[in-house]
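Asks: Quick check, what structure comes out for this input:
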Amino acid sequence: SQNLLLNKKYIMVQIKSRVDSFKKGIDAEKGRRNREETRIKIRKSKREENLLKRRAMGNSAMSSMGSSNELAPTTSKSLSFDRTDQNLKFGVENIPELIAVLSNPNSTLEQKGNSIFGFRKMLSVEKNPPAKQVIDAGALPFFVDLLQNTDNEKIQFEAAWALTNIASTDATQSIVECGAVPPLIAMLLSRNPDCREQSAWCLGNVAGDSTKLRDYVLQCGGMGPMLQNISQPASQSLLGNVVWALSNLCRGKPQPSLELVMPALPYLANLLHSDNKEAQVDALWALSYISDGENERIQAVMNTGITAKVVELLDVESSSIVTPCLRIVGNFATGNDEQTQAVLDADVLQHTSKLLSNPKKNIRKETCWLLSNIAAGTRSQIEHLIKIPADLCTIIEFVQSSEYEVRKEATWVLSNIATSGSSVHVQSIVELGAIDAICSILDVADTKITFVALEAIENILKVGQNLSRDYVNLVDECDGLDKIESLQTHVDDDVYKLSVKIIETYFGVEDEVENENILPENDGEHFTFGVSKSLNFDMENPAATNEQPLTQFNF
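Replies: Numbering: from 1, shown residues only. Coordinates of the predicted model:
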């Protein structure tokens, strides 16, 4: 109606002076978002916690060495027990007698062996191991001493096991402070494979605690001995634990120095062909951590020649393998044009249709992220996406009706095509229904996505204008205009400016709005509004009503 039009024009006059400059459409570099920005969490928090730290329980596959009775009998009456007794339990009430044996210089090796066995059993309970009580009792320095007892590998094993379970708690820092890391690294070269495996397990827990402790393990030289165990594993169990520990040495932000993790790359690349699925999965995650970031890191991983193999693994049924593979190729696609092209040359788009239909939300989300980074590439790379209209139709459906995390990533795909693609590319996605989809997400409570969607709309309208296509009407028909108008009051300045620019440029708001019926004039003394001097209204014949010239009303 006339009043609504007048209100819109008055708003435009108020804000016109504020519209000075606008951000241009996102370029390829801005369109490629790395993992730090999107912060996509692939695994549930419980799974993540289990991967970061593991505690060796009493029924561990590695417990055969520690459960033997070879350290008994003992001459200490207070510690005389049958270690093969499955019901044998130790609690905090036993700490004083156990610590007394370890602190007594006259205790025999057998007595110390039974004492460390008791501590290990105590710390192997499933919930709430008494790590703090053991630490407060001053036991850790004695554990470290036993680690260095190379004459008795069974005692070394028990000590490493006890330290592993302490490192699995929030008291990991105490492991470092008591000086356990260097002897644990030395133990990686033990003649005994069980000792090597247990020390790797403990070091993996330390590295998984924080980036500070991760870097400390690396600085102490933990990488080299671990790689030796990967090249010549004594068992599949040893290989699995060492690769898991290695993955913890590669993870976390800020990332470890590329120089420190570079030696692991050929070993990790070889593990992609391993029959040990657990080691294969952890190797893939390690490669995803290393390739996350600058082009130099991406290239270092690509130089191992894994691109084709990783893309091939996208077709397997196991989500535990597909997920880190998606992360790796997604990281590759965030790189420069050549790195993105390498992903396309490996035929990654042959797998995206299947991935987009995966029942797991995070796999669909990651796939959209991968496609959005391809869409931020060169126009020839965007052309690869345009040639798969079925995938684009799925993306458009995601923007409209999928889970929000998926909608957000799918929006980036369309926006990057709209802002980086050619007029033909833009026309292609419009014909598939992109305008309706993008307008549907304009009112979400996510400023960044709102701005990204506005940029897409702006570029689509620009292309429509150049091609003489009525894209303006398409935006209006799907309530896009109403949503864009409402964004003129958005708290974010960039969203506000761009919404105003779109309305001014494409929806016909005239500059000549200073009509005396709308705005007051100020002559220095009075505000003057235009008001009809008189209005003769004929009730019986409204059409005969005479509009009179306007006169002024001063106050």
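
Asks: any idea of the mean pLDDT in stretch 453-465?
Replies: Averaged over stretch 453-465, pLDDT sits at 97.

Asks: residues of it that come out buried?
Replies: 453-464 (16 or more other Cβ atoms under 10 Å). Bear in mind the C-beta positions are built from the backbone N, C-alpha and C, glycine included.

Asks: Spell out the residue ranges of the helices in the stretch 451-555 of the chain.
Replies: 471-477, 480-486, 493-506 (DSSP state H, counting those that start in this stretch).

Asks: could you dump the buried residues of stretch 453-465 to TSV with distance to residue 240?
Replies: Below are the buried residues of stretch 453-465 laid out as TSV (distance: Cβ to Cβ, whole Å):
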residue	distance to residue 240
453	45
454	49
455	47
456	46
457	51
458	52
459	50
460	51
461	55
462	55
463	53
464	57
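
Asks: So the nearest residue to residue 404 once chain neighbours are set aside: helix, strand or coil?
Replies: Nearest residue to residue 404, sequence neighbours excluded (Cβ to Cβ, 6 or more residues apart in numbering): residue 444, at 7.4 Å. What DSSP: H, G, I helix; E, B strand; the rest coil gives for residue 444 is coil.

Asks: Please tell me how far residue 444 sits from residue 300.
Replies: Residue 444 sits 38 Å away from residue 300, going by Cβ to Cβ, to the nearest Å.

Asks: Which of these two has more residues huddled nearby?
Replies: Neighbour totals were compared for residue 444 and residue 300, and residue 300 leads with 17 against 14 (other Cβ atoms under 10 Å).

Asks: give me the low-pLDDT residue ranges for the protein?
Replies: 1-87, 509-555 (pLDDT under 70).

Asks: Quick one: distance of stretch 117-128 to the chain centre.
Replies: Centroid separation for stretch 117-128 versus its chain: 35 Å, with Cα atoms, centre = their mean, to the nearest Å.

Asks: Span of that stretch from start to end?
Replies: Terminal residues of stretch 117-128 lie 18 Å apart, using Cα to Cα, to the nearest Å.

Asks: oh, and call the first residue 290 from now on, that's how I've got it
Replies: Noted, 290 is the first residue going forward, which turns the last one into stretch 406-417.

Asks: buried sites along that stretch?
Replies: Quick answer for stretch 406-417 (16+ other Cβ under 10 Å): 406-414.

Asks: One more: stretch 499-507?
Replies: 502-504, 506-507.

Asks: Residue 594 contacts residue 559, doesn't it?
Replies: No: Residue 594 lies out of contact with residue 559 (Cβ atoms under 8 Å); the separation is 10.6 Å.

Asks: When these two are compared, which one has more neighbours?
Replies: Neighbours were counted for residue 594 and for residue 559 using other Cβ under 10 Å; residue 559 has more, 14 against 10.

Asks: So what's the residue count around residue 380?
Replies: 12.

Asks: any idea how far residue 422 is from it?
Replies: 10 Å.

Asks: try residue 512
Replies: Applying Cβ to Cβ, the value for residue 512 to residue 422 is 34 Å.

Asks: same question, residue 633
Replies: Taken as Cβ to Cβ, the span from residue 633 to residue 422 is 58 Å.

Asks: what's the answer for residue 521, then?
Replies: 40 Å.

Asks: Kindly report the same for residue 619.
Replies: 45 Å.

Asks: which one of those two has more residues nearby?
Replies: residue 619 (29 against 13).

Asks: looking at it, residue 666 is touching residue 709, isn't it?
Replies: Yes: using Cβ under 8 Å, residue 666 makes contact with residue 709 at a distance of 7.5 Å.

Asks: who's more crowded, these two?
Replies: Comparing residue 666 with residue 709 by neighbour count (other Cβ under 10 Å), the higher total belongs to residue 666, at 26 against 23.

Asks: ok, residue 775 - how many residues close by?
Replies: Neighbour tally, residue 775, other Cβ under 10 Å: 12.

Asks: which residues touch it?
Replies: By Cβ atoms under 8 Å, 6 or more residues apart in numbering, the contact set of residue 775 is residue 732.

Asks: now do 10 Å
Replies: Taking Cβ atoms under 10 Å, 6 or more residues apart in numbering as the criterion, residue 775 is in contact with 731-732, 788.

Asks: how about the residues you listed in JSON lines, adding distance to residue 467?
Replies: Putting those into JSON lines (distance: Cβ to Cβ, whole Å) gives the following:
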{"residue": "731", "distance to residue 467": "57"}
{"residue": "732", "distance to residue 467": "57"}
{"residue": "788", "distance to residue 467": "60"}
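
Asks: Could I get the full set of strands for the protein?
Replies: Along the chain, counting by DSSP state E, strands occupy 810-811, 816-821, 824-825, 835-836, 839-843.

Asks: Residue 667 and residue 674, how far apart?
Replies: Distance from residue 667 to residue 674, by Cβ to Cβ: 12 Å.

Asks: out of these two, which sits in the busier spot?
Replies: residue 674 (26 against 14).

Asks: I figured the more buried one hits residue 706, correct?
Replies: Yes: if you go by Cβ atoms under 10 Å, residue 674 and residue 706 touch, sitting 6.9 Å apart.

Asks: who touches both of these two?
Replies: Residues within reach of residue 674 and of residue 706 at once, by Cβ under 10 Å, 6+ apart, are 660-661, 663-664, 681, 684, 714, 717-718.

Asks: And these, which is closest to residue 580?
Replies: residue 663 (16.1 Å; Cβ to Cβ).

Asks: contacting residues for the closest one?
Replies: Remark: with contacts taken as Cβ under 10 Å, 6+ apart, residue 663 is in contact with 320-321, 618-619, 622, 629-630, 632-633, 637-638, 641, 670-671, 673-674, 702, 705-706.

Asks: How about the contacts made by residue 395?
Replies: The contact partners of residue 395, by Cβ under 10 Å, 6+ apart, come to none.

Asks: Pull up the gap between it and residue 438, please.
Replies: 17 Å.

Asks: follow-up on the earlier one: show me which of the buried residues of stretch 406-417 is closest to residue 450.
Replies: Distances from residue 450 to the buried residues of stretch 406-417, taken by Cβ to Cβ, are shortest for residue 409, at 4.9 Å.
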